[in-house]
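Asker: Structure for the following, please:
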Amino acid sequence: AIDDYLAGPGGYPLVVHGPSGCGKTALLTEAARRIAAVGGEPILRIVGATSASTDVRSLLAGLCAELRAHQAIEGEPPTDYDELLAEFRNLLAATLEHTAPCVLLIDGLDQLSDAHHGRDLQWLPSDGWHPQVRIIVSCLSDRSEEDPASAPFRALGRRPLHAQAFLELGALSAEDAKQLLERWLTIAGRTLSEQQWRYVGEKIAHDETCRQPLYLKLAFEELRHWTQTVAPEQTDAPMQLGDDTPTLVRNLVARLSNPVRHGKLLTTRLLSYLCCARHGLTEQEILGVLRADEEYFDKFRAGAFHDLPTEGEQPKLPVAVWARLRHDLEPYLSQRSSGGVSVLAFFHRQVAEVLEARLLPSAAIRSERHRTLADY
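Answerer: Numbering: from 1, shown residues only. The predicted structure follows:
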């Protein structure tokens, strides 16, 4: 569908949409790679990848800077929002000397902030750009009207766009889903018993939710911990896949909270602080805020077998505590830039949303975690 759009007359945006976790970011990233591989000049923006990317003003400034470079225009784009918006539209309409189309790929419109009506897409023209320009965007399309994340898809739906302008991503086929799990398990050096594969195969065959890419990714992280000695059909077996992504995330919390792994207090406190952090936390900040959490640190000191390292005269948390937990959390975290430093945050928005609902169920608990962060 993207190939057809790029080869067609253009003049309208291509809207890739679907539920959270259906693979929109992966598709646009792969599209940008393939366009560049055949000599195209893609400009890819993933909203939410950095702390500044959710602001439409920063997004437009970055797009204008690249469009200027594409057209060999010297100078910097303006800083005033209205001037920036006018320049963006002028650059899209300008004559291009290159024969290859200029392709803009903007992923995650639903993650834009409300500043300058970012989610209402007043900044994104429906037409009026040069025939050599193509614009591909993605957004969620499964949210209720009360959810602010639904605004971009609703705004695009109100535009006079024909049906071929909308590309909906559905679930994978059962065959592709199983093949993907097999490939990941092979890479990880793991395998399942015939009985376990039958259980997994029936689950992904009978439920479309279990064939969404995000679900499969989280399911794989569970499957790689299975042993072949216990059948998943046993009611007392710890090996059960959930029926949806939220259940898999909750299973992760339960697994990490096991006393033989990291314990409930460390696991839930760390994850809740990552949920509360506006753009993520550095590793130093993670250790610092856990040290500042009096309930957790007092319990840790009471069970410590060795003298703790000190900073000045104050005991501090050993790095090993976080290092062990980070190893298990690695598949669920991503590094991103915030304020010029590298921070850790959850790799997918839906994972963060489920953890917030699970670990911050009340305003009082949320306020307490925010206060600890603020005090630190």
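
Asker: Is there a neighbour count for the closest residue to residue 210 other than its chain neighbours? I'd like the number.
Answerer: Spatially, and ignoring its direct neighbours in sequence, residue 210 is nearest to residue 204 (4.7 Å; Cβ to Cβ, 6 or more residues apart in numbering). To be clear about C-beta, it is placed using only N, CA and C from the backbone, and glycine gets the same treatment. Burial of residue 204 is recorded as 26 neighbouring residues (other Cβ atoms under 10 Å).

Asker: Am I right that residue 204 is in contact with residue 177?
Answerer: Yes: the pair residue 204 / residue 177 is scored as a contact, 4.7 Å apart, by Cβ atoms under 8 Å.

Asker: low-scoring stretches of this protein, by residue?
Answerer: The model of the chain has pLDDT under 70 over residues 95, 97-100, 229-239, 312-313.

Asker: Could you point out the longest strand of it?
Answerer: strand 133-140 (DSSP state E).

Asker: what's the offset of the next helix or strand after that one from the middle of its chain?
Answerer: The C-terminal neighbour of strand 133-140 among helices and strands, as given by DSSP states H and E, is helix 151-157. Distance of helix 151-157 from its chain centroid, counting by Cα atoms, centre = their mean, to the nearest Å, is 20 Å.

Asker: Can you name every helix or strand that helix 151-157 contacts?
Answerer: strand 14-18, strand 133-140 (3 or more Cβ pairs under 8 Å, 6 or more residues apart in numbering; DSSP states H and E).

Asker: what's in contact with the longest strand of the chain?
Answerer: 2, 5-6, 10, 13-20, 24-25, 27-28, 31, 92, 96, 101-110, 124, 129, 149-150, 152-153, 156 (Cβ atoms under 8 Å, 6 or more residues apart in numbering).

Asker: what ranges do the helices span in the stretch 101-250 of the chain?
Answerer: 151-157, 174-187, 194-206, 213-223, 245-257 (DSSP state H, counting those that start in this stretch).

Asker: and those as JSON lines, adding distance to residue 139?
Answerer: Listed next are these as JSON lines, based on distance: least, Cβ to Cβ, whole Å:
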{"stretch": "helix 151-157", "distance to residue 139": "4"}
{"stretch": "helix 174-187", "distance to residue 139": "24"}
{"stretch": "helix 194-206", "distance to residue 139": "26"}
{"stretch": "helix 213-223", "distance to residue 139": "16"}
{"stretch": "helix 245-257", "distance to residue 139": "18"}
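
Asker: Need the winner for burial among the ones you listed.
Answerer: Per residue and on average, the most neighbours among the helices of the stretch 101-250 of the chain fall to helix 213-223, with a mean of 22 (mean count of other Cβ atoms under 10 Å).

Asker: could you give the angle of it to helix 174-187?
Answerer: 40 degrees (axes from the mean of the first three to the mean of the last three Cα atoms, to 10 degrees).

Asker: which ones are touching the nearest residue to residue 333 once chain neighbours are set aside?
Answerer: Residue nearest to residue 333 in three dimensions, not counting chain neighbours: residue 344, with 5.1 Å by Cβ to Cβ, 6+ apart. The neighbourhood of residue 344, defined by Cβ under 8 Å, 6+ apart, consists of 274, 280, 281, 282, 283, 286, 333, 334, 335.

Asker: ok, back up a step: out of the helices and strands packed on helix 151-157, which gets nearest to residue 301?
Answerer: The minimum distance between residue 301 and these falls on strand 133-140, with 44.4 Å, by Cβ to Cβ.

Asker: If you compare the directions of the closest one and strand 14-18, what angle comes out?
Answerer: Orientation of strand 133-140 against strand 14-18 (the same axes, to 10 degrees) gives an angle of 20 degrees.

Asker: And strand 133-140, what's buried?
Answerer: Under the neighbour-count criterion of 16 or more other Cβ atoms under 10 Å, strand 133-140 has 133, 134, 135, 136, 137, 138, 139, 140 buried.

Asker: Who does the first one form a beta bridge with?
Answerer: As for beta bridges, residue 133 partners with residue 102 under DSSP bridges.

Asker: how much space between it and residue 9?
Answerer: Per Cβ to Cβ, to the nearest Å, residue 133 is found 12 Å from residue 9.

Asker: likewise the fifth one?
Answerer: Here residue 137 is placed at a distance of 18 Å from residue 9 (Cβ to Cβ).

Asker: Now residue 72: phi and psi?
Answerer: Backbone torsions of residue 72, given as degrees, to the nearest 10, read phi 60, psi 40.
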